[in-house]
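Peer 1: model this:
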Amino acid sequence: QVQLVESGGGMVQTGGSLRLQCVVSGATFSNYAMGWFRQAPGKERDSIVSISKNGGTTYYDSSVKGRFTITREDEKNTVYLQMNDLRPQDTAIYYCAAGRRAPVLKGNTVALGQGTQVTVSS
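Peer 2: Just a heads-up that it's a prediction; the model follows:
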């Protein structure tokens with residue numbers, strides 16, 4: 001059973017940075033594409049970034065492209081999300097996801113973490 005645990009959320013001011021991390025257990029990490037979803041208050045949970053199983057391909061939603069970077073470290077069973085130039089509209093709960101393939105979308109998600117809150121103040 002795949003388990004994902006996120007950390008690194010918090011509160012920052014506009015223009016600040018945060019790095020989220022997600023540790024995967026209970027499965028062979030390299031068998032999964034990884035991604036991050038986010039859900040703002042009153043909105044649906046949407047996929048924003050993904051990385052392929054071998055780390056060679058990444059996908060970014062237009063809302064975060066150029067500001068966010070996803071990486072994975074297979075030796076540590078960990079995926080990271082570096083978030084720079086944060087804006088109030090980035091405020092949301094961020095969820096780590098393991099998927100059958102990249103991009104990781106709702107339809108191919110195998111497991112989802114419990115989420116970590118990111119709040120960006122103006």
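Peer 1: Just give me the residue right at the centre of the chain.
Peer 2: Among the residues of the chain, the one closest to the centroid is residue 36, at 2.4 Å (CA atoms, centre = their mean).
Peer 1: Look up which residues are beta-bridged to it.
Peer 2: As for beta bridges, residue 36 partners with residue 49, residue 96 under DSSP bridges.
Peer 1: Verify the stated contact: it with residue 98.
Peer 2: No. Contact criterion CB atoms under 8 Å: residue 36 and residue 98 do not qualify, at 11.1 Å. Using the backbone N, CA and C atoms, a C-beta is placed for each residue, glycine as well.
Peer 1: And the residue nearest to the centre of the chain, how far from residue 122?
Peer 2: Shown here: residue 36 relative to residue 122, a distance of 23 Å by CB to CB, to the nearest Å.
Peer 1: again, but for residue 16
Peer 2: In this structure, residue 16 lies at 11 Å from residue 122, with CB to CB as the measure.
Peer 1: Tell me which of those two has more neighbours.
Peer 2: A count of neighbours by other CB atoms under 10 Å puts residue 16 above the other of residue 16 and residue 122, at 15 against 8.
Peer 1: residues contacting the residue nearest to the more buried one when sequence neighbours are not counted?
Peer 2: Leaving aside its sequence neighbours, residue 16 sits nearest to residue 86 (CB to CB, 6 or more residues apart in numbering; 5.3 Å). Neighbour list for residue 86: 12, 14, 15, 16, 17, 18, 67, 118, 120 [criterion: CB atoms under 8 Å, 6 or more residues apart in numbering].
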